[in-house]
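In: could you work out the structure for the sequence below:
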Amino acid sequence: MNRYIYSYRIVSTGEQSRYGVAAGSQEDADTRIREAIADIEFTETEDVQGIALDRVISEEDNYYECEGCT
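Out: Numbering: from 1, shown residues only. Below you'll find the model as predicted:
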């Protein structure tokens, strides 16, 4: 599983940002990203425009450490 990082723009505010989703394929990430961005930005899916894939972070490049483990 990889993390797919997308850039996007919120039409109503003009804000530009990036957000990533974990998915098994780019096609899966492409279908889920608009709703994920709308959810995190508290807006409607139609308000999310200019979605473009910035980069893919492969699973072996990820390092997760739980809080309190160190």
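In: and the residue positioned nearest the centre of the chain, what element?
Out: In the chain, the centroid-proximal residue (Cα atoms, centre = their mean) is G20; its distance is 2.4 Å. Applying DSSP states H and E as the criterion places G20 in strand 16-23.
In: which helices and strands does that strand pack with?
Out: In terms of contacts (3 or more Cβ pairs under 8 Å, 6 or more residues apart in numbering; DSSP states H and E), strand 16-23 is packed against strand 2-10, helix 26-41, strand 48-57. Using the backbone N, CA and C atoms, a C-beta is placed for each residue, glycine as well.
In: save those as JSON lines, and put in mean neighbour count and mean pLDDT too.
Out: As requested, the helices and strands packed on strand 16-23 are exported to JSON lines (neighbours: other Cβ atoms under 10 Å; pLDDT from 0 to 100):
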{"stretch": "strand 2-10", "mean neighbour count": "18", "mean pLDDT": "96"}
{"stretch": "helix 26-41", "mean neighbour count": "15", "mean pLDDT": "97"}
{"stretch": "strand 48-57", "mean neighbour count": "13", "mean pLDDT": "96"}
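In: of these, which approaches Q16 most closely?
Out: strand 2-10 (4.8 Å; Cβ to Cβ).
In: the closest one pairs with which strands, parallel or anti?
Out: If you go by DSSP bridges, strand 2-10 pairs up with strand 16-23 (antiparallel), strand 48-57 (antiparallel).
In: including distance to Y6, could the ones you listed go into JSON lines?
Out: Converted to JSON lines, the strands paired with strand 2-10 look like this (distance: least, Cβ to Cβ, whole Å):
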{"stretch": "strand 16-23", "distance to Y6": "6"}
{"stretch": "strand 48-57", "distance to Y6": "5"}
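In: a helix runs through T13, doesn't it?
Out: No: read with DSSP: H, G, I helix; E, B strand; the rest coil, T13 is coil and lies in no helix.
In: ok, it to V48 distance?
Out: Counting by Cβ to Cβ, to the nearest Å, the gap between T13 and V48 amounts to 11 Å.
In: ok, now Y19?
Out: 10 Å.
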